[in-house]
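Colleague: next comes the sequence, and after it the predicted model I'd like to discuss.
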Amino acid sequence: MPCLVALVAVLAPRVVSVVLWLFTTFFVKAYANNPLLMILGIVFLPFTTLAYAWMVNTEGGVRGTFSIVVMVIAVLADLSAFEGGRRSRR
C-alpha cells in the first residue's frame, strides 16, 4: 500500500497537468506563445508549471508577495522530488 501511495504522489502533478492540458484551457493563457516550454515543464518541473499557470490565470502573472511565495514553494517541491528520487536510487 505505501508504494501505491508514493507512486500516486509522484505522478499526480504530471497526471493533473496532462488532464488539464487535454480537457481544459487552463494552460492556454500561460503558455500560448511557447507550448514546448509547457511540455518541458510538465516533464521536469510539474509543481512549478502548475503553480505558474495558476498564477497567470488568477493574478495575471507572478506579482506580489503571495505569488512569489507560491512559486518558491513549488520550486522547492520540485527540487525535493528530484532529491528524493536521487536518494532512493542509492
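Modeller: In hand now; what should we look at?
Colleague: the chain: helices as residue ranges?
Modeller: 2-23, 35-44, 46-59, 64-88 (DSSP state H).
Colleague: output the lowest mean pLDDT helix or strand found in this structure.
Modeller: When the helices and strands of the chain are compared on mean pLDDT, DSSP states H and E, helix 2-23 comes out lowest with a mean of 69.
Colleague: report the residue spans of this structure with pLDDT below the cut-off.
Modeller: The chain contains residues with pLDDT under 70 at 1-11, 84-90.
Colleague: go with 50
Modeller: Scanning the chain for pLDDT under 50 picks out 1, 5-6, 8-9.
Colleague: give me the neighbour count for the closest residue to Ile68 other than its chain neighbours.
Modeller: In space, and not counting its chain neighbours, Ile68 is closest to Val62: 6.6 Å by CB to CB, 6 or more residues apart in numbering. Where you see a C-beta, it was placed from the backbone N, CA and C, and this is true even at glycine. Look at Val62: counted by other CB atoms under 10 Å, it has 14 neighbours.
Colleague: if I read this right, Val62 contacts Met71, doesn't it?
Modeller: Yes: using CB atoms under 8 Å, Val62 is in contact with Met71, at 5.8 Å.
Colleague: between those two, what contacts are shared?
Modeller: Any residue near both Val62 and Met71 by CB atoms under 8 Å, 6 or more residues apart in numbering counts here, and that gives Tyr52, Met55.
Colleague: and the gap between the residue nearest to Thr49 when sequence neighbours are not counted and Thr65?
Modeller: Nearest in space to Thr49, with sequence neighbours left out and distances taken as CB to CB, 6+ apart, is Gly41 at 3.4 Å. Using CB to CB, to the nearest Å, one obtains 23 Å as the distance from Gly41 to Thr65.
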